[in-house]
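K.L.:
Output the structure for:
(one chain, ligands or ions: 1)
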Amino acid sequence: MTTLGIAITGSGGATPDTALDNDTLSQIVETSDEWISSRTGIRERRLARPETQLCDLAVAASQQALEMAGLAPSELDLVILATSTAEDLFGSASNVQHRLGASQAVAFDLTAACSGFVFGLVTAAQFLRTGVYRNALLVGADILSRWVDWSDRRTCVLFGDGAGAVVLQRVEEADGLLGFELRSNGAQNDCLMLNYQPEAQSLVEGVTVSQGRYGRIAMNGQEVYKFAVKKVPEAIEKALFRANLSTDDIDWLVLHQANQRILDAVAKRLNVPGEKVISNLARYGNTSAASIPLALDEAVRSNRIRPGDTIAASGFGAGLTWGAAIFKWGDFYREA
Ligand code: UT7
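P.N.:
Below you'll find the model as predicted:
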């Protein structure tokens, strides 16, 4: 029987034009470039204009990824949009599918906060590995600036907006997804939330519904920090074990870009040298589901990541959710 697997054949990224640096941010809340850059590594972030839609960024990133893969939108069977900030609670993936012209693809949203890209990668891979679909597009896109409390200096300095995308294609007798580990722990849900805030409205005598609205991001930064530094290395080690690989086999560590200190601590725990750690958070901050594909895409386009390289990616965040995927970059199976 033929074994089916995946190849990741294209990537793309898109960020809004407007940049807000730390000095300018310190006009809004009591903070400083010194505090933000030393505690997080972030120097500026990109912010979407009011008229920009999440789909604008998602479509731009997707078009780049499709072009790199040499694939027409009509050849896509599946579009997954990993996001927590869809403009439509019913989902924005269909809008992305329509605007791309991916007329044959089924499209749906996947919500797993900053783990969304890794969860989406594994989800998309299952459809290809089983032979059901041939070509999939995975987009990670978020506009968290719309949900940040811009008066809370503990959170507003961290986040930025953006989108990243990858194309996954079915291949035979090989599999670029070498191993993965996905986890959730709802017991720590209150560490990082963007909650619906109910507001009771009586319709008729005895029938009351809620007509509330979503609040703002609330986070216990220290708890999330501790969780990330402990759980991310564990997840990567489990995924490596399943791939029958060791940390020495990792060419690149592409972690969710939350905090440079988290990136450094995870790399240290895994004994991965700093030069193998991809980091772009100085320029973008934490872009949630977009951060891994954005970082990946930049590294691919600057020829750091090359076909056949082994990548350990890990996302972590609200839920709490976390996960790791070990994968090979590029269409090297077919080139061989
Ligand atoms: O996608 C996952 C999303 N979340 C994360 O990854 C967050 C993980 N956590 C972190 O990255 C870090 O915990 C933070 C960057 C959020 C905070 O860094 P920290 O070193 O844990 O700082 P802290 O919360 O312990 O705060 C230290 C001090 C406090 O002052 P006091 O109480 O010691 O006087 C804060 O009030 O720093 C103060 N502070 C600030 N000062 C200037 C907190 N935020 C700021 C700020 N500017 N923006």
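
K.L.:
ok, and the closest non-adjacent residue to residue 111?
P.N.:
Nearest residue to residue 111 in three dimensions, chain neighbours excluded: residue 84, at 5.6 Å (CB to CB, 6 or more residues apart in numbering). Yep, even glycine has a C-beta here, placed from its N, CA and C like the rest.

K.L.:
Same question for residue 103.
P.N.:
residue 74 (5.9 Å).

K.L.:
I'd guessed that neighbour sits against residue 102; true?
P.N.:
Yes: under the criterion of CB atoms under 8 Å, residue 74 makes contact with residue 102 at 6.8 Å.

K.L.:
for the chain, which helix is longest?
P.N.:
Longest helix in the chain, counting residues (DSSP state H): helix 221-242.

K.L.:
just the CA coordinates of the very next helix or strand once past that one, formatted as CSV?
P.N.:
Later in the chain than helix 221-242, the nearest helix or strand by DSSP states H and E is strand 252-255. Only the C-alpha atoms of strand 252-255 are listed here, as CSV (Å, rounded to 0.1, in the frame of the first residue of the first chain):
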residue,chain,number,x,y,z
TRP,A,252,15.7,25.6,13.1
LEU,A,253,13.6,26.3,16.1
VAL,A,254,10.6,28.4,15.0
LEU,A,255,8.7,29.2,18.2
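
K.L.:
Contacts (any at all) between the ligand and strand 252-255?
P.N.:
No: counting by CB under 6 Å from any ligand atom, the ligand is not contacted by strand 252-255; separation bottoms out at 10.4 Å.

K.L.:
And for stretch 212-228?
P.N.:
Yes: Stretch 212-228 reaches the ligand (CB under 6 Å from any ligand atom) through 219, 221, 222, 224, 225, 228.

K.L.:
contacting residues around that stretch?
P.N.:
144, 147-149, 152, 154-155, 159, 188, 190-199, 258-259, 261-262, 266, 316-317, 320, 322 (CB atoms under 8 Å, 6 or more residues apart in numbering).

K.L.:
Now cross-check the residues you listed against the ligand and list the overlap.
P.N.:
154, 258, 259, 317.

K.L.:
Kindly write the ChimeraX command that selects the buried subset of those.
P.N.:
Selecting only the buried members of these in ChimeraX, with burial defined as 16 or more other CB atoms under 10 Å, works like this:
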select :258,259,317
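
K.L.:
Which members of the ones next to the ligand among the contacts of stretch 212-228 are positioned in strands?
P.N.:
If you go by DSSP state E, those have residue 317 in strands.

K.L.:
Model confidence for the residue nearest to residue 30 when sequence neighbours are not counted, exactly?
P.N.:
In this structure, residue 30 finds its nearest non-sequential neighbour in residue 153, 6.0 Å apart by CB to CB, 6+ apart. Model confidence at residue 153, given as pLDDT, is 97.
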